[in-house]
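A.B. asks: could you look at this predicted model? Sequence included:
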Amino acid sequence: MKNQMMATYTIEAKTAKGAASATLRAIKKLPGGEYASMRPTEWGNNGWQIVWESGPYEWPVIATGPGDIFAEELGGNLTDAYMRNKKTFDFNPSGNRWFAEPQNSYSLNFWKD
């Protein structure tokens with residue numbers, strides 16, 4: 001697998017739950033994505049969380065920027081992950097009322113704005 005050939009998944013949804021669901025569907029297409037899951041956030045019922053403990057290191061942080069979540073795992077460095085490769089996800093709320101925010105190195109939260 002060449003990281004430059006990976007698709008960019010555009011995440012468009014009307015709600016935080018829809019964005020989390022779309023992101024999970026995209027992750028399920030990636031290597032190891034079968035281990036990802038979705039659940040309500042740990043802080044009440046205000047948002048949704050994608051948990052992918054077996055995903056690439058710090059994937060939520062890289063995913064919310066312009067980065068390729070696999071770049072470092074495939075022999076690159078953090079500069080490659082953040083700047084030199086095609087991004088893995090394009091979070092496009094386009095006027096909708098949600099945003100994505102990393103919680104830790106393996107969980108990505110989607111909140112109602």
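C.D. replies: Sure thing, it's come through. Numbering: from 1, shown residues only.

A.B. asks: what's stretch 95-113 in contact with?
C.D. replies: With contact meaning C-beta atoms under 8 Å, 6 or more residues apart in numbering, stretch 95-113 is reached by 11-20, 23, 41, 46-53, 55, 57-61, 63-64, 91, 93. Every C-beta, even on glycine, is put in place using the N, C-alpha and C of the backbone.

A.B. asks: which positions within that stretch qualify as buried?
C.D. replies: Asn96, Trp98, Phe99, Ala100, Pro102, Gln103, Tyr106, Ser107, Leu108, Asn109, Phe110, Trp111 (16 or more other C-beta atoms under 10 Å).

A.B. asks: thinking again about what came up before, pull out the buried members of the contacts of stretch 95-113.
C.D. replies: Neighbour counting over those (16+ other C-beta under 10 Å) leaves 11, 13, 16-20, 23, 41, 47-52, 55, 58-61, 63-64, 91, 93 as the buried ones.

A.B. asks: now do the same end-to-end measure for stretch 19-38.
C.D. replies: By C-alpha to C-alpha, to the nearest Å, the extent of stretch 19-38 from end to end equals 11 Å.

A.B. asks: name the nearest residue to the spatially most central residue of the chain, ignoring sequence neighbours.
C.D. replies: Centroid check for the chain by C-alpha atoms, centre = their mean gives Ala63 as the closest residue, at 4.6 Å. Spatial nearest neighbour of Ala63, excluding adjacent residues (C-beta to C-beta, 6 or more residues apart in numbering): Phe89 at 4.8 Å.
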